[in-house]
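Student: one predicted model, sequence on top.
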Amino acid sequence: MSYETQPAPLRYGEAVLHPPALPEARTLPAEIPPGVQVVTLPSGARTLAYAPVTAAEPVPVQRIPVWAKTTALLAPTIGGGIGAASVGLAYAAPGLIALTEALWAAVALIAAGGAALFLGRARRAPASTHITQHITATGLFGRATGSTIHHR
């Protein structure tokens, strides 16, 4: 810090016009907080004071896009749904495991039954009778008659 001395006071006889000056501490410009400036008073004294804030140019307002608002509103909803689904799956996991085992058993049973039917038909003798029937009717409410023909 630097100290500045003031000149000696003027004297007229024994009367002192102003008291003797004491060295004052000076503040460096970097130490002055924002919004505070050095001002000169009408008496000529310089001091620190809050300066009036000048109106800054208004910052143009940028609107938030609709897609960003929608995404911001849907994000917690989707996250909550995923969380609820994961909790539900955690509770249902033992039942789902049992269900998959039962389904695999059903698939194995169907496969075994299909194989048994396929092998059983291959060993059977073909059918010996074939029946053909001809039915005729005359008119809308006519009586139907039919004949059966057997071929061997």
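Tutor: Nice, I can see it. The structure displayed is predicted, hence computed values, not measured ones. Numbering: from 1, shown residues only.

Student: secondary structure of Val38: a helix, I assume?
Tutor: No: applying DSSP: H, G, I helix; E, B strand; the rest coil, one finds Val38 to be strand, outside a helix.

Student: and it, bridged to which residues?
Tutor: Here Val38 sits in beta bridges with Leu48, as judged by DSSP bridges.

Student: ok now do Ile64, which residues does it touch?
Tutor: Residues counted as contacts of Ile64 (CB atoms under 8 Å, 6 or more residues apart in numbering): none. Every C-beta, even on glycine, is put in place using the N, C-alpha and C of the backbone.

Student: how about the CA coordinates for whichever strand or helix holds Ile135, as CSV?
Tutor: Assigned by DSSP states H and E, Ile135 belongs to strand 130-136. Taking C-alpha atoms only, strand 130-136 is exported to CSV below (Å, rounded to 0.1, in the frame of the first residue of the first chain):
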residue,chain,number,x,y,z
HIS,A,130,-63.6,-96.5,-49.9
ILE,A,131,-67.1,-95.1,-49.7
THR,A,132,-68.6,-92.7,-52.3
GLN,A,133,-72.1,-91.4,-51.9
HIS,A,134,-74.1,-89.5,-54.5
ILE,A,135,-77.1,-87.3,-53.2
THR,A,136,-79.6,-85.7,-55.5
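
Student: how much space between Ala85 and Leu117?
Tutor: Using CB to CB, to the nearest Å, Ala85 is found at 42 Å from Leu117.

Student: kindly report the same for Ala106.
Tutor: Taking CB to CB as the measure, Ala106 falls 16 Å from Leu117.

Student: so for Arg26, what's the pLDDT?
Tutor: With respect to pLDDT, Arg26 has a value of 70.

Student: over to Ala85?
Tutor: Ala85 carries a pLDDT score of 93 in this model.

Student: got it, and the one 3 residues further on?
Tutor: Looking at Gly88, its pLDDT stands at 92.

Student: and it, how many residues sit next to it?
Tutor: 10 (other CB atoms under 10 Å).

Student: phi, psi for it please.
Tutor: Here is the backbone geometry of Gly88 (degrees, to the nearest 10): phi -60, psi -40.

Student: I'd like to know how far it sits from Ala108.
Tutor: Going from Gly88 to Ala108 by CB to CB gives 29 Å.
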